[in-house]
Each structure stands twice: as structure tokens, then as C-alpha cells.
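Visitor: Structural data only, the sequence is not supplied:
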């Protein structure tokens, strides 16, 4: 039942992310799928709209009709990803009565999102996860972050962080740093996956996402109960 509900939902994103909704046309959807693959393969620095246009046999101007820059395209993927995570958190924790169980499930989802149900989008979920792990900090570590924040371009991440913080407060209502611990844990989960793949001396976890989930669950729980 939960999976059917998830598959019937269309993710709606902030219109400030795009010039024209890429989901509204075949070219727009091709821009999403092709750019996702290219950013995953070559990284954001080496990716350009010129290369994307060549791969799609179209013009750069046609791509600019959808996105004003590759930064906005990255923000689009960033927002889509966290909206997707937020849906999973909402559906998979709402029937759990134990706050500890909610926390454990929430951390599991953030560490290892469900990629099985493709009906919610034609995007390649594994490529999306890859670029969030490797590129998402570039979405907000910019000089324009304050203005973009005013336009609500980070609300999807904030919703996930707030949801995790609310679960923490169910465990310990007197805990005074729930927002700090939630956002730090989410970013830490992404960084540890990146370190495991590229700078393994900075991580003890390597590629085991179940272990990653257990480590962060224990870190959060110990902070809440001390």
C-alpha cells in the first residue's frame, strides 16, 4: 500500500529552480537524464551546457530555456533528491510507534534510500545518489546562498533535517541541539560515503551502508541520551 502511494506522487519543485519545467516536455526530460549521467561521469566542473547540447544533438540556447545555469540544474537535482527522501521518511516512519524505531528507520533511509520503485521518476536513482554524495555541497557553498535561501531553494533539505530533528525530540524533548545534530548527521552521512569511496583513510566504514546507518544511529542516540 505504501509503495503504491509513493509511486502515485509527483514531486513538485520550487519554480525558481528552472526557467521552464523540464518535466513538461520530452526535451526537458532528456536534459535531466543526460545531464545526470554526464555529471555523474565527469563531475560538475567538467560538465557544460555545450557538452550537453552536443550529446542531445540540440543547441545550448534550447537548454538555457530550461535552466539559466548548471548551478541551477544542480540545485534542481538537489531539491528533487531531498523531496524524494522526505517522502520516504514520511511514509516509512508514520506507523512506527517507538521513537527509537523511527530514528533507526530514518537514518537507514538517509544512508540507503530505496531505489527499487522507478515509477516516481524516469531519472536514474543511483546516478542521482552519486551526484548528491559528490556534488551537493556545491549547491550551497556559494556566494549566492543567502539570496537562494530567501527564494526557498533549500527548503527540501531543511524539511528532511527538521523531520529528523523532530524524531530526536520524541526521544528526548529536552535536547537543545536537535537541529544541529540532525543537519550535521545528514551531511556527515554524505561525507562518509564520499570519503569511503575516494579518501578511505578518513573513514572506518568503507562501502557498507548498513554499518554506516548503525554508526550514525548510535552516534545520535548516545548524544540524545547523555
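Guide: Noted; the coordinates are in hand. Quantities reported herein were computed from a predicted structural model and do not represent experimental measurements. Residues are numbered from 1 along each chain as shown.

Visitor: Confidence-wise, which helix or strand of the chain is lowest on average?
Guide: Taking mean pLDDT, DSSP states H and E as the measure, the chain has helix 2-7 as its least confident helix or strand, at a mean of 52.

Visitor: Contacts for the helix or strand following it next, please.
Guide: As assigned by DSSP states H and E, the chain's next helix or strand after helix 2-7 is helix 26-42. If you take C-beta atoms under 8 Å, 6 or more residues apart in numbering as the criterion, helix 26-42 is touched by 20-23, 47, 51-52, 55-56, 58, 62-63, 66-67, 73-74, 76-77, 122-124, 127-128, 130-131, 135. Placement of C-beta: from N, CA and C, glycine included.

Visitor: Over to stretch 162-182?
Guide: 86, 89-90, 93, 99-100, 102-103, 106-107, 110, 161, 185-186, 220-221, 223-225.

Visitor: Among those, which lie within helices?
Guide: Among the contacts of stretch 162-182, the ones falling in helices (DSSP state H) are 86, 89-90, 93, 99-100, 102-103, 106-107, 110, 161, 185-186, 220-221, 223-225.

Visitor: pLDDT weak spots in this protein?
Guide: 1-9, 117-120 (pLDDT under 70).

Visitor: same thing but at 80, please
Guide: Along the chain, segments meeting pLDDT under 80 span 1-10, 115-122, 206-207.

Visitor: Of the ones in helices among the contacts of stretch 162-182, keep whichever come out buried.
Guide: The neighbour-count criterion (16 or more other C-beta atoms under 10 Å) marks 86, 89, 93, 99, 102-103, 106-107, 110, 161, 185-186, 220-221, 223-224 among these as buried.

Visitor: Most widely separated two among those?
Guide: 86 and 223 (22.8 Å; C-beta to C-beta).

Visitor: Among the contacts of helix 26-42, which are located in strands?
Guide: The members of the contacts of helix 26-42 all map outside strands under DSSP state E.

Visitor: Restrict those to the buried ones and give me that as a ChimeraX selection.
Guide: Selecting the buried subset of the contacts of helix 26-42 in ChimeraX, with 16+ other C-beta under 10 Å as the burial test, is done by:
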select :22,23,47,52,56,63,66,67,73,74,76,77,123,124,127,128,130,131,135
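
Visitor: Return the subset of the contacts of helix 26-42 lying in helices.
Guide: Reading helices off the contacts of helix 26-42 with DSSP H, I get 51-52, 55-56, 62-63, 73-74, 76-77, 127-128, 130-131, 135.

Visitor: out of these, which one sits closest to residue 147?
Guide: Nearest to residue 147 among these, with distances taken as C-beta to C-beta, is residue 74, at 16.1 Å.

Visitor: pretty sure that closest one contacts residue 45?
Guide: No - using C-beta atoms under 8 Å as the test, residue 74 is too far from residue 45 to be in contact (11.3 Å).

Visitor: The residue lying closest to residue 223 once chain neighbours are set aside: neighbour count?
Guide: Nearest non-adjacent residue to residue 223, counting by C-beta to C-beta, 6 or more residues apart in numbering: residue 181, 5.8 Å away. Using other C-beta atoms under 10 Å as the criterion, residue 181 is surrounded by 18 other residues.

Visitor: now residue 189
Guide: Applying other C-beta under 10 Å, I find that residue 189 has 21 neighbouring residues.

Visitor: quick revisit: the residue nearest to residue 223: which element?
Guide: helix 178-198.

Visitor: Distance of residue 77 relative to residue 86?
Guide: 15 Å (C-beta to C-beta, to the nearest Å).
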